[in-house]
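Enquirer: coords below, sequence missing:
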């Protein structure tokens, strides 16, 4: 069997690319379906943190992504090979509408085979805390930032391209079956392994019109415009954003609301951020609380020693943690429905170098000692403060169902930055 195409039949290389593409699609589609099904379960507020479910989702998503990139590479090689080969003539050139439809479907297939995995790859690279691609080249892409907005856009594009690919694939299979069962011609046989079928040489020279490419392009424009009209690009609609999924979490992009004024203290917070950072699947994932208030009583002592007291009340439900925010509010994590607030109460002490707030942090029904070292810059009646601390999530019964640090690390970094003015 010749390697190259002829004007009547496909060569062995084209056939190999065709069936390798088919096998990869048969694997990628169900893997994506079942992984997304688990993603919806994991991101639901009722998920209990079952480690077996998370591990299974990680496995399925990693397989889906890795084979998806293999499909992407195969599609590119297939297209490059096809561009260098003659295209076998259609068996029924007199059936203009049928030939046009078949060519349009082929253009849609080629475009989707490139765009679906490519958009998924960019979506993956824009997020953090993901199930990894199994290869040695890293998880990032050049010029692709870690951004929730970018992840949402390309997550939406991936969803559109996957469904376009599925529709084109269904039409392609239906057409092949029609030729085999109804027309009983050599269309399917031309792509099967083995000896090429006999095809009427009179077909040589049948023209391949450029019209199908323009029709396919028009369909792509309609698909993309429809995605925009339905808001597909503002939030990934396919459930890939799961704790174990293709984009389980990302740096929170929503602006943080200013802290509410202190109630009884002598300092009023004018601006500030209260953030947390965790490590998920080996990657840092950050988020911020949008609503919190600080009651600060502070007087700068002349020498190291007691300097005041602070109490911070945090609205748990105001946490923005990318696409896993809903899961973080669930019963195995913060359980915001039962425990809507967290409280940090501490005495402030001036040290020989810097300051520290020694007290307790209450999250859920657990109150744990916590020391928060911080820096403080005083300029008249304005103070700029910055501090960090680390806690163990298990001390607060957060994520008890996830005992594997490879999935979700125990350590949680807390950082606070604020600007306050002295109250009159």
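Expert: Structure received. The model shown is predicted, which means the values in this text are computed figures rather than measured ones.
Enquirer: where do the helices sit along the stretch 101-250 of the chain?
Expert: Listed in chain order, the helices found in the stretch 101-250 of the chain under DSSP state H, counting those that start in this stretch are 148-177, 211-229.
Enquirer: and the shortest one, what does it pack onto?
Expert: With contacts defined as 3 or more Cβ pairs under 8 Å, 6 or more residues apart in numbering; DSSP states H and E, helix 211-229 has these neighbours: helix 96-125, helix 148-177. For glycine as for every other residue, the C-beta is placed from the backbone atoms N, C-alpha and C.
Enquirer: ok, and what's touching the helix-or-strand element of the chain with minimal mean pLDDT?
Expert: Every helix and strand of the chain was ranked by mean pLDDT, DSSP states H and E. The lowest is helix 325-328, at a mean of 82. Here helix 325-328 makes contact (Cβ atoms under 8 Å, 6 or more residues apart in numbering) with 42-45, 47, 243, 287, 319, 321, 333-334.
Enquirer: that older thread, could you dump the helices and strands packed on helix 211-229 to JSON lines with mean neighbour count and mean pLDDT?
Expert: Formatted as JSON lines, those follow (neighbours: other Cβ atoms under 10 Å; pLDDT from 0 to 100):
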{"stretch": "helix 96-125", "mean neighbour count": "20", "mean pLDDT": "95"}
{"stretch": "helix 148-177", "mean neighbour count": "20", "mean pLDDT": "95"}
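Enquirer: out of those, nearest to residue 358?
Expert: The closest of the helices and strands packed on helix 211-229 to residue 358 is helix 148-177. By Cβ to Cβ, the value is 35.5 Å.
Enquirer: that closest one versus helix 96-125: what angle between them?
Expert: For helix 148-177 against helix 96-125, the angle between stretch directions is 150 degrees (axes from the mean of the first three to the mean of the last three Cα atoms, to 10 degrees).
Enquirer: counting by contacts, list what helix 148-177 packs against.
Expert: The contact analysis (3+ Cβ pairs under 8 Å, 6+ apart) places helix 148-177 against helix 12-43, helix 96-125, helix 211-229.
Enquirer: distance to residue 418 added to those helices, as CSV?
Expert: What follows is the helices and strands packed on helix 148-177, written out as CSV (distance: least, Cβ to Cβ, whole Å):
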stretch, distance to residue 418
helix 12-43, 31
helix 96-125, 33
helix 211-229, 39
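Enquirer: about what we covered before: and the helix or strand following the least confident helix or strand of the chain, what's buried?
Expert: Following helix 325-328 in sequence order, the next helix or strand is strand 341-350 (DSSP states H and E). Neighbour counts over strand 341-350 (16 or more other Cβ atoms under 10 Å) mark 342, 344-346, 348-350 as buried.
Enquirer: about what we covered before: residue 308 is nearest to which of the helices and strands packed on helix 211-229?
Expert: Closest among the helices and strands packed on helix 211-229, using Cβ to Cβ: helix 148-177, at 37.3 Å.
Enquirer: and that closest one, how far out from the chain middle?
Expert: 17 Å (Cα atoms, centre = their mean, to the nearest Å).
Enquirer: could you shift the numbering so residue one becomes 23, and keep it that way?
Expert: Done: numbering now begins at 23, and the last item shifts to helix 170-199.
Enquirer: if I take that helix and helix 233-251, what angle do their directions form?
Expert: Using the same axes, to 10 degrees, the inter-axis angle of helix 170-199 relative to helix 233-251 is 140 degrees.
Enquirer: next, the angle from helix 170-199 to helix 34-65.
Expert: 130 degrees.
Enquirer: per-domain residue ranges of the chain.
Expert: What automatic domain parsing lists as the domains of the chain is 34-251, 289-444.
Enquirer: ok, which of those domains comes nearest residue 27?
Expert: Closest to residue 27 of the domains of the chain, according to Cβ to Cβ: domain 34-251, at 4.1 Å.
Enquirer: follow-up on the earlier one: turn the domains of the chain into TSV, including distance to residue 27.
Expert: Shown next, in TSV, are these (distance: least, Cβ to Cβ, whole Å):
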stretch	distance to residue 27
domain 34-251	4
domain 289-444	44
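Enquirer: of all these, which one comes closest to residue 23?
Expert: That would be domain 34-251 among the domains of the chain, by Cβ to Cβ, at 4.9 Å.
Enquirer: in stretch 379-392, what's buried?
Expert: 379, 381, 383-386, 392.
Enquirer: now the terminal residues of it, how far apart.
Expert: For stretch 379-392, the first-to-last residue distance is 8 Å (Cα to Cα, to the nearest Å).
Enquirer: quick one: that stretch to chain centroid distance?
Expert: That offset, for stretch 379-392, works out to 33 Å (Cα atoms, centre = their mean).
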